[in-house]
Structures are given as structure tokens and as C-alpha cells.
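In: here are the coordinates; sequence isn't available:
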């Protein structure tokens with residue numbers, strides 16, 4: 001007697017790996033079904049000691065790094081030189097940085113100031129008692145060291161002048177309902193006062209008697225300190241795990257796929273229309289830099305554990321004694337979310353299809369097992385079996401689409 005072998009029917013299904021929730025983009029971003037290469041970290045050098053804060057002087061063309069051991073300078077982020085052993089830092093607070101009336105960079109705190117001219121540090125007088133300042137219309141505006149709800153400003157035309165007067169130095173108190181002052185940011189010809197629970201816009205034109213404060217509605221939650229920065233034509237900041245945008249009139253939330261992965265932001269900076277946030281990645285379980293594009297609502301990760309950001313001729317990131325610069329041209333990695341083709345049980349990942357010109361490396365992880373295929377162009381056949389899959393593509397060029405074809409039993 002002959003018996004025919006009966007095989008269960010099989011069914012093919014296609015999954016768009018760029019649409020599956022939970023993906024991670026490192027050094028690349030996804031927009032309109034295309035993976036684009038983006039910024040990554042390029043090694044520069046090490047500072048002699050841990051950098052706590054850094055600024056960039058365009059007049060001196062120097063990175064100015066503040067440390068517990070003094071002020072260091074660097075022209076390229078690769079080599080650092082001790083500029084001054086004097087550090088005027090308020091206890092527990094970072095010093096403030098500003099350009100003086102002649103445009104030379106100054107690092108100040110308490111009652112002293114270090115001015116850097118032609119790469120050489122000079123000490124100067126400073127009225128002190130403030131930190132976290134910005135320059136607007138020739139005046140220094142800063143947070144009061146002893147009163148968390150007070151903003152103080154210098155005399156007209158001289159950021160180091162603290163003498164009171166009709167047109168001299170003065171102060172204003174913020175509505176305590178908005179919480180302590182976190183940061184001051186110059187935005188659209190005004191100063192935005194970033195408080196714990198809201199924003200105030202300060203118009204600082206003319207004599208102090210004409211200065212005005214306007215409080216902005218729309219912030220719900222607690223704003224993370226040191227996360228406010230201008231990115232393009234918006235002011236971005238982090239608030240209770242969300243990225244918020246202020247356009248000068250209203251506040252609204254920025255939605256981007258990867259932002260749910262960001263936790264515990266520590267600082268931020270804006271450059272090239274992007275919002276950079278040093279924070280932890282929930283999925284990678286380590287400190288990274290998130291690069292956010294408010295215009296296109298996209299975000300990606302730069303894999304460097306930064307705790308200090310500095311914008312100058314380049315974007316510099318510091319982690320302890322390490323320093324890197326961000327730039328284009330490096331490789332990237334895109335890892336999909338979990339792909340199960342909408343079914344339970346085991347199935348086969350038959351093929352992966354992608355629109356790429358240059359060869360890429362693809363790693364498939366299935367139920368803890370890994371398979372790597374190198375030099376892939378157009379498509380590959382991993383023939384991996386499992387309940388679910390993750391696909392990682394390592395590349396350096398644009399990829400137009402990333403599809404996965406699965407096969408599973410569909411009855412007898």
C-alpha cells in the first residue's frame with residue numbers, strides 16, 4: 001500500500017521592518033520609509049582631568065573646559081592645555097560663561113572672573129553671586145545664587161558691572177508657582193526663563209523699567225534642568241520624559257518614534273537645526289546622545305556616553321576625560337523591533353529585501369540565536385527559524401526600505 005506524504009499548507013507574509021515598533025537607530029534616522037546615514041562620534045582626545053562644563057569661544061577659536069582643577073583650553077578637542085588654576089565656581093553650581101564688552105570669553109562665579117585673551121588667562125573683577133547667565137543687549141542676565149526665584153542683570157554695556165542704578169544692575173522675581181529658575185536661554189530676541197514647571201518670556205530692551213515678563217501656558221509636568229536649547233526655530237526642552245517645543249507663542253509635545261527610549265536627560269544643546277540630548281537609552285541600557293530633528297519629527301542615537309555637550313566649530317561631547325566630535329561619514333546600525341509576522345509559534349524568516357547600492361552586513365537574532373550575513377545587496381535568505389526575529393543592518397549609505405518575508409504553517 002502506498003501512502004502519500006501530506007505536508008501542512010504554508011503561508012508567506014511580509015513585514016515592514018521600519019514600521020515595527022521598538023526599533024533603534026544608531027548613527028542613522030528613518031524618514032518616509034528610508035534609512036539615512038546621520039552623525040556619529042569621531043574620537044578626538046582626552047582632557048587631563050574630568051570636564052564638568054565646556055563652552056566654545058568663536059573669537060578665540062577655543063574650547064574652554066571647566067574642571068575642578070582649573071580651566072583648560074583646546075583648539076580641536078584632541079589636546080588640552082591648562083589655562084588657569086583659578087576657578088571662581090559657586091559651591092555646588094557651575095560657573096557662568098559670557099563674552100565681555102570686547103568679545104573675549106570670560107568664566108565667572110562668586111566674585112571673580114577669568115578672562116581669556118589670545119589664549120592667556122587674566123583675572124578680572126566681577127560682581128558675583130550669580131550663575132547660569134546669558135548675554136542680551138549688552139547686559140548679563142543670570143540666576144541669583146541665593147534666591148532660586150530671582151534673576152539679576154548687570155549694568156548696560158558691561159556684563160561685569162554690578163552697580164545698581166536706574167540704567168544699571170537690577171533684579172526681578174519669578175512667580176513662585178512656576179518653581180525655581182532652571183535656565184535662561186536667548187530665543188527670538190527675548191530671554192526665555194525656564195523654570196521647574198513652566199516658561200516665562202522676558203523682554204529686555206531699553207532701560208530696566210521697560211523689562212517685561214510674560215508667562216506661558218502649556219507646560220504640564222516638571223522640566224529637567226539644563227535641557228533647554230534652541231534647535232532650528234524652536235526652543236526644545238525635556239519635561240517628564242517628553243520632548244517639548246516652544247515656538248514663542250505656544251508649547252506642544254514633539255512625537256518621534258525613538259523618544260520613548262530616552263530617560264534621565266542630563267544636558268542638551270542645539271546645532272544644525274537639531275536638538276542633542278545626553279540621556280540614558282532604555283533599550284540599550286547605557287548613556288548616549290539623542291539627536292532630535294524638530295522639523296521632521298525624527299530622532300536617532302549617537303553611541304557615546306556624554307555628560308557634557310559643547311557647540312562650536314563642531315559639536316563636542318565629553319564623558320569624564322574623553323572627548324569626541326560629532327560628524328557625518330561614519331557607519332551606522334539600525335535594529336528593528338521584534339518581528340513575529342502577526343502570528344504565534346515558530347515560523348521561518350525566508351528572506352530580507354532592502355534597497356541599497358553598497359553592500360551591508362545583516363544580523364538576524366531569533367530566539368537568542370544569531371546569524372550574520374555579510375556583503376548583502378538587494379536581498380538575502382537567512383532561513384532562520386524561531387518565534388520572533390530582530391534584524392540589525394550595519395551600513396554607511398542610504399537604504400530605501402527594509403522588508404522581511406516570513407513563512408509559517410497554515411493548517412493541514
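Out: Done, it's in. Fair warning: this is a prediction, and the values are worked out from it, not measured in the lab.
In: so who does the residue nearest to residue 196 when sequence neighbours are not counted touch?
Out: Closest residue to residue 196 apart from its sequence neighbours, by C-beta to C-beta, 6 or more residues apart in numbering: residue 179 at 2.7 Å. Every residue, glycine included, has its C-beta placed from N, CA and C. By C-beta atoms under 8 Å, 6 or more residues apart in numbering, the residues touching residue 179 are 195, 196, 197, 198, 222.
In: can you list the weak-confidence ranges in this protein?
Out: 1-8, 90-92, 411-412 (pLDDT under 70).
In: Grab the longest strand from it for me.
Out: As assigned by DSSP state E, the longest strand anywhere in the chain is strand 262-271.
In: What is that one packed up against?
Out: Here strand 262-271 touches strand 229-231, strand 234-239, strand 274-281, strand 308-311, going by 3 or more C-beta pairs under 8 Å, 6 or more residues apart in numbering; DSSP states H and E.
In: hang on, the earlier thing: Serialize the contacts of residue 179 to TSV and add fields for distance to residue 125.
Out: As requested, the contacts of residue 179 are arranged in TSV below (distance: C-beta to C-beta, whole Å):
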residue	distance to residue 125
195	30
196	33
197	36
198	35
222	37
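In: Mark which of those residues are buried, thanks.
Out: When those are checked for burial by 16 or more other C-beta atoms under 10 Å, the buried set is 195, 196, 198.
In: Going by distance to residue 131, which of these wins?
Out: Distance ranking of the buried ones among the contacts of residue 179 against residue 131, using C-beta to C-beta, places residue 195 first at 15.5 Å.
In: so, if you compare the contacts of residue 179, which one comes nearest to residue 210?
Out: For the contacts of residue 179, the nearest to residue 210 is residue 195 (22.3 Å; C-beta to C-beta).
In: Is it correct that residue 409 is in contact with residue 12?
Out: No: counting by C-beta atoms under 8 Å, residue 409 stays clear of residue 12, with 11.7 Å between them.
In: out of the helices and strands packed on strand 262-271, nearest to residue 89?
Out: Of all the helices and strands packed on strand 262-271, strand 308-311 comes closest under C-beta to C-beta, at 14.7 Å.
In: Can you tell me the strand partners of the closest one and which way each runs?
Out: strand 315-319 (antiparallel) (DSSP bridges).
In: which residues are in contact with the partner strand?
Out: So strand 315-319 is in contact with 39, 41, 44, 47, 51, 54, 56, 63, 65, 77, 269, 271-272, 276, 278, 287, 289, 302, 304-310, 323-326, going by C-beta under 8 Å, 6+ apart.
In: circling back to that earlier point, buried residues of the longest strand of the chain, list them for me.
Out: Those would be 262, 265, 266, 267, 268, 269, 270, 271, for strand 262-271 by 16+ other C-beta under 10 Å.
In: show me the contacts for the nearest residue to the second one once chain neighbours are set aside.
Out: The one in question is residue 265. With C-beta to C-beta, 6+ apart as the criterion, residue 265 has its nearest non-adjacent residue at 4.0 Å, and that residue is residue 279. With contact taken as C-beta under 8 Å, 6+ apart, residue 279 is in contact with 238, 262, 263, 264, 265, 266, 287, 288, 289, 290.
In: how does it look with 10 Å?
Out: With contact taken as C-beta atoms under 10 Å, 6 or more residues apart in numbering, residue 279 is in contact with 224, 227, 238, 241, 259, 261-268, 287-290, 301, 306.
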